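Engineer: Build me a model from this:
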Amino acid sequence: MAFLVLRFCPVAFFLALPHQHLLYIEVVMNRSAQFHKQPPYRLIGFAILLFLAGSYSVVRFFIDRHHFTEGTKAYQAKNCPSAISQFDQILNGQRLLDWNDYQTQAENLKIECEAFQAAVAQQKTGKAAEALLAYDRFTDRYQASPLISLIKAQAPSLFQPKTLKAVATPAACERIDALQGKGLMPKTNTVLPAFLQNCGQAFEAKKQFGQAANLYDRFLKSYPKHAEVGRVKMALARSLVAEARQAGAGKIMAPGQSGYAAYGSTLVSIRNDSPEKMRIVFSGPEPRFEELPACTDCTKFQNMVPNACPEKGPVGEYKLAPGKYDVVVTSISDRGVRPFTGTWNLVDGSAYGSCFYIVQKRSIAP
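Structural biologist: Model (predicted):
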């Protein structure tokens, strides 16, 4: 007699069946039982991986938060080396998610600290001009940075007598007002005059004569009793002549001798026979900057030169030290009038006379 064993653990049932069915049914039932006993390995593996990833992200979050907190404290305390060390712990770490944007914030603050440290390093290595411009850029870009107070404490020391000329680059000189407004320059009145003078010289060296003249003129208006007024006047006159020539000024012939002057001096009389207000610059042993009012009864000559001066306009008389002068005559009221320049050799004890009028389309002519 054959028996079929149905293996349902823990009870076994026995049925009388033909022998040939015994093995088949037992095998089928065993496979069915094994299928239900085996767990879903893929789901379990995925769940484990998800658990591990989540756990790592949570742990990484607290690590990042700790380093960011410590780095921010150091940053607020103006200790950039310590701050950067903390931020690097965040930036060099691996994470699946950047919760709270710690990585982005750490990177931004690190860049800010590195910019500050680069500027400080330039100052320490004697690169005064580069350091000043770096401080200037930093204060523009990071206006709310706690590091600005350090910059304001350090930048004024760049304006020492031994470094003042190096700092006075055209790039820095163009931003004098901005540097003063940011507190990057000393507040004493002893620094700005010297800085203006050095800036004028820097622009002259670059053949930017208009900018040089503006700074020299600012010096004279702001510090009329300064010890360097004489030199600055010479520099201003020199720059105005060079600017006019650079702009293609016309040529003024030397005036003829009209009489005599006191010994040790010369006398120059100039009449303005034009309807425009004129400025006359004498660049030489005794720099002078003079203005002549317009002639109310004069007109511009149209495509013709008069045979003689109309002798209607106001006259200016200028007593000068003898010597060689470069002279510039420009219109103040009409910028479209071409300036004229000339070199005059004024002899001791001599008087000279000249007049100026305007020929339309030919600018100013002597």
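Engineer: Show me where the stretch 101-250 of the chain has its helices.
Structural biologist: Taking DSSP state H, counting those that start in this stretch, the helices of the stretch 101-250 of the chain run over residues 102-124, 128-141, 148-154, 164-167, 170-173, 176-181, 191-205, 209-222, 229-246.
Engineer: Those helices: which one's closest to residue 80?
Structural biologist: helix 102-124 (3.8 Å; Cβ to Cβ). C-beta: built from backbone N, CA, C; applies to glycine.
Engineer: Quick one: list the elements packing against the closest one.
Structural biologist: For helix 102-124, the elements it packs on are helix 41-76, helix 80-91, helix 128-141, helix 148-154, judged by 3 or more Cβ pairs under 8 Å, 6 or more residues apart in numbering; DSSP states H and E.
Engineer: list the buried ones in it?
Structural biologist: 102-103, 105-106, 109-110, 112-113, 115-116, 119-120, 122-123 (16 or more other Cβ atoms under 10 Å).
Engineer: Out of those residues, the closest to residue 175 would be?
Structural biologist: The nearest member of the buried residues of helix 102-124 to residue 175, counting by Cβ to Cβ, is residue 119 at 15.4 Å.
Engineer: Just give the nearest non-adjacent residue to the closest one, would you?
Structural biologist: Take residue 119 and drop its neighbours on the chain: the residue closest to it by Cβ to Cβ, 6 or more residues apart in numbering is residue 134, 3.6 Å away.
Engineer: what's the neighbour count on that neighbour?
Structural biologist: A total of 21 residues lie near residue 134 under the criterion other Cβ atoms under 10 Å.
Engineer: go on, residue 180?
Structural biologist: Neighbourhood size, residue 180 [other Cβ under 10 Å]: 14.
Engineer: so what's it closest to, chain neighbours aside?
Structural biologist: Counting by Cβ to Cβ, 6+ apart, the residue nearest residue 180 is residue 192, at 7.7 Å.
Engineer: residues touching that neighbour, list them.
Structural biologist: By Cβ atoms under 8 Å, 6 or more residues apart in numbering, the contact set of residue 192 is 176, 180, 185, 222.
Engineer: One more pass at 10 Å, please.
Structural biologist: Contacts of residue 192 were listed using Cβ atoms under 10 Å, 6 or more residues apart in numbering, and they are 159, 176, 180, 185, 186, 218, 219, 222, 223.
Engineer: and of these, the nearest to residue 296?
Structural biologist: residue 218 (32.3 Å).
Engineer: what's the spacing between the closest one and residue 210?
Structural biologist: According to Cβ to Cβ, to the nearest Å, residue 218 and residue 210 sit 13 Å apart.
Engineer: the more surrounded of those two?
Structural biologist: Using other Cβ under 10 Å as the criterion, residue 218 and residue 210 rank with residue 218 on top: 18 against 13.
Engineer: Assess the claim that that one and residue 176 are in contact.
Structural biologist: Yes - counting by Cβ atoms under 10 Å, residue 218 does reach residue 176; the two are 8.7 Å apart.
Engineer: Quickly list what's touching both of those two.
Structural biologist: Overlap of the contact sets of residue 218 and residue 176 (by Cβ under 10 Å, 6+ apart) consists of 192, 196, 199.
Engineer: Let's have these in TSV, adding distance to residue 323 and pLDDT.
Structural biologist: Listed next are the shared contacts of residue 218 and residue 176 as TSV, based on distance: Cβ to Cβ, whole Å; pLDDT from 0 to 100:
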residue	distance to residue 323	pLDDT
192	32	92
196	27	95
199	28	96
